[in-house]
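Chemist: Provided below are the primary sequence and the corresponding predicted coordinates.
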Amino acid sequence: MSIKIKQLPETERPYEKMELYGETVLSNAELLAIIIKTGTKEESSVTIAQKILNLNPNLNNNLDFLKEITLSELMHIKGIGKVKAIQLKAVCELAKRMTTPLNYQKVKIKKPEDIANLLMEEMRLEKQELVKLIMLNNKNEIVRIKTIAQGGINSVNMSYKDILAEPIKMQVAKIILAHNHPSGDSTPSKADIEMTKKLFKMTQVFDIELLDHIVIGNMNFTSIISKLLTKDGEI
C-alpha cells in the first residue's frame, strides 16, 4: 500500500511544494498528481501519476508520449476516470498550443532553421503526412501559411496546381514548402527531391521564388534546396 499524500510532510506534498519552491522543482509525477488531484483508497495521486508515466514506451523523461496517449489508455489505469482523463488530455493540448505561434504574419524567415523552429512542434508528431505552403513577401516576411494536402503514413497526393494556385492568386513573391515524415526521419525521399526540382522550375515561370522545401522529422529537419544548390547557386 502506497503512502497517502496527507501522510507526507507538508513540504513534500505536491501542492504545498509548488507553493513553497515553485513548479520547476516538482517531478513529472508530482506535476501530474496536481492535475489528477485525488488518488484512490489504495494509491496516492503521485503513485497513479507514475503509472501514467510508465506508459511511455521509451522509458525516459520525455513527455511527448502524453500527446499521443488516448483517453481509453488513460482510463485503463485504476484511479483515472473519464473526467481525469479528459483533464489530462486538455492540459496536453494546451501545452501544444502554447508552443504554436498565434500569428505567423510578419515573421521574417532568414534561414531554413526559422521555418523548422516555427513548425516543428506542430508537425513532428503528426501520424499523417501534412504539406504546408508558406507564402512570403519581398522582405521574406510570412504572409500566410496554409495546409494544402494531407496524406497517409508514407505519402501524400498533391498536384503542382494545389501548390501554385494561391501564390499566383495572392501575387506573393516567394514560397516555401514544408512537409513532415511521420517516421521521424527527415531524410528526403527520391520523390521529394524530384518534385522539388520540378517545382523550382515551375515557380520561375510565374515569377515566384521557391526559397526552400523543408522536410520535418521528430526534432530534426532537412532543407532540400540546401542539398540541391550547387556552388554557383543553381539547382
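Modeler: Perfect, I can see it now. For clarity, every value in this text was computed on a predicted model and none was experimentally measured.

Chemist: going forward, measure contacts and count neighbours with C-alpha atoms only.
Modeler: Noted.

Chemist: Now do the buried residues in the lowest-mean-pLDDT helix or strand in the chain.
Modeler: Every helix and strand in the chain was compared by mean pLDDT, DSSP states H and E; the lowest is helix 65-68, with a mean of 86. Neighbour-count burial for helix 65-68, counted by 16 or more other C-alpha atoms under 10 Å, picks out Leu66, Lys67.

Chemist: next SSE after that helix?
Modeler: Next along the chain after helix 65-68, taking DSSP states H and E as the criterion, comes helix 71-75.

Chemist: what's that following helix packed up against?
Modeler: helix 82-98 (3 or more C-alpha pairs under 8 Å, 6 or more residues apart in numbering; DSSP states H and E).

Chemist: and with 10 Å instead?
Modeler: helix 45-53, helix 82-98 (3 or more C-alpha pairs under 10 Å, 6 or more residues apart in numbering; DSSP states H and E).

Chemist: related to what we said a few turns ago, for the least confident helix or strand of the chain, packing partners?
Modeler: Counting contacts by 3+ C-alpha pairs under 10 Å, 6+ apart, helix 65-68 is packed against helix 45-53, helix 82-98.

Chemist: so how far is Ala178 from Ile35?
Modeler: For Ile35, the distance to Ala178 equals 36 Å [C-alpha to C-alpha, to the nearest Å].

Chemist: Actually, Met158.
Modeler: Separation of Met158 from Ala178 (C-alpha to C-alpha): 13 Å.

Chemist: Neighbour count: those two, which is higher?
Modeler: Ala178 (24 against 13; other C-alpha atoms under 10 Å).

Chemist: what about the more buried one, which helix or strand?
Modeler: strand 174-180.

Chemist: which is the next helix or strand following that strand?
Modeler: Per DSSP H and E, the helix or strand that comes after strand 174-180 is helix 190-205.

Chemist: Which positions in that next one come out as buried?
Modeler: Buried-residue list, helix 190-205, by 16+ other C-alpha under 10 Å: Ile193, Thr196, Lys197, Leu199, Phe200, Met202, Thr203.

Chemist: Identify the residues contacting the second one.
Modeler: Contacts here follow C-alpha atoms under 10 Å, 6 or more residues apart in numbering; on that basis Thr196 touches Leu177, Lys190, Met202, Leu210, Asp212, His213, Ile224, Ile225, Leu228, Ile235.

Chemist: any idea how far Lys174 is from it?
Modeler: From Thr196 to Lys174 the distance is 14 Å (C-alpha to C-alpha).

Chemist: low pLDDT regions in this structure?
Modeler: 1-11, 99-103, 105, 152-156, 230-234 (pLDDT under 70).
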